[in-house]
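1. Sequence and predicted structure are below.
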Amino acid sequence: MKGKGEKISMLTAYDFTMAGIIDSAGVDVILVGDSASNVMAGFETTVPMTMEHMIYHTSCVVRGVNRALVIADLPFMSYQVTAKEALISAGRMMKEAGAHAVKLEGGKVIAPTVKKIVEAGIPVMGHLGLTPQSIYKFGTYKVRAKEEEEAKQLLKDAKKLEEAGVFSIVLEKIPADLARQVSESVSVPTIGIGAGHHCDGQVLVLHDMLGLNKDFSPRFLRRYADLHQSMTDAVQNYISDVKEGSFPNENEQY
Ligand code: KIV
């Protein structure tokens, strides 16, 4: 698709029903992101997610999907300690959850681990820029690599990941011009979130783009629906129908 200049659409999903809807709608790639930690489990960061959580969510998504590529995030501390542990985690995500590929965060430091996983036959997606598993190192969710030194390092990290064999790289919350430079300097597709329109594809968290999270409004987010309002209206209509006794009616009973 990168070769043809066709942009890649990617969205997150965490369960069977949502995955089935977005797969039928035609999305190219479904990411079972560890953002499940925020939008499904209600944690503040992605740090608490475990292999068991991610295997559960991924297996639910895989059962709902007929055509899209399903990528699963490896959770924090399931791949950072040793390359051997990382390979075991990636293998579990494929065998137990049915993922088609895994994603992990980091650049140069993680490249030898990426190589080992890829050599075992498991496709790996990289993730650079704002890497939420390192939130306690960064201290904020602000835009990364605005300064020249960090930008240069990010370009080098992208090359290292490409050499290690990633099939794609997520670029999160970096300046659009830096994302352009990365996208032009690697042969694999870049998928941006808050990284501008030069990326080879885009990803959004499903709950955010559907307007389920009314309190999350970063500049990069475009809302395609207001499901928070639609759901609130539907639930309030149901409550009032039950209270006034108009639900169920004669046709809705046996
Ligand atoms: O966990 C996630 O949803 C992600 C995307 C934001 C890229 O990593």
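-> Done, it's in. For clarity, every value in this text was computed on a predicted model and none was experimentally measured.
2. going forward, measure contacts between C-alpha atoms and count neighbours the same way
-> Noted.
3. can I assume residue 157 is in contact with residue 112?
-> No: judged on C-alpha atoms under 8 Å, residue 157 makes no contact with residue 112 at a distance of 12.0 Å.
4. which of those two has more neighbours?
-> Counted by other C-alpha atoms under 10 Å, residue 157 and residue 112 do not tie: residue 157 has more neighbours, with 23 against 17.
5. Is the more buried one in a helix, a strand, or coil?
-> helix (DSSP: H, G, I helix; E, B strand; the rest coil).
6. so what's it up against?
-> 106-108, 128 (C-alpha atoms under 8 Å, 6 or more residues apart in numbering).
7. Now the buried members of those.
-> Neighbour counting by 16 or more other C-alpha atoms under 10 Å classes 106-108, 128 among the contacts of residue 157 as buried.
8. Mind telling me the two of the contacts of residue 157 farthest from one another?
-> 108 and 128 (10.4 Å; C-alpha to C-alpha).
9. that older thread, pick the one among the contacts of residue 157 closest to the ligand.
-> residue 128 (9.6 Å; C-alpha to the nearest ligand atom).
10. now that closest one: how far from residue 105?
-> Counting by C-alpha to C-alpha, to the nearest Å, the gap from residue 128 to residue 105 is 6 Å.
11. same check, this time on residue 114
-> 10 Å.
12. Give the buried residues for stretch 138-154.
-> Quick answer for stretch 138-154 (16+ other C-alpha under 10 Å): 144-145, 151, 154.
13. Could I have the CA atoms of the lowest-mean-pLDDT helix or strand in the chain written out in PDB?
-> Lowest mean confidence among the helices and strands of the chain (mean pLDDT, DSSP states H and E): helix 135-138, at a mean of 95. What follows is helix 135-138, C-alpha atoms only, in PDB (Å, rounded to 0.1, in the frame of the first residue of the first chain):
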ATOM      1  CA  ILE A 135       5.000   7.800  30.900                       C
ATOM      2  CA  TYR A 136       6.800   7.800  34.300                       C
ATOM      3  CA  LYS A 137      10.000   8.600  32.400                       C
ATOM      4  CA  PHE A 138       8.600  11.400  30.300                       C
END
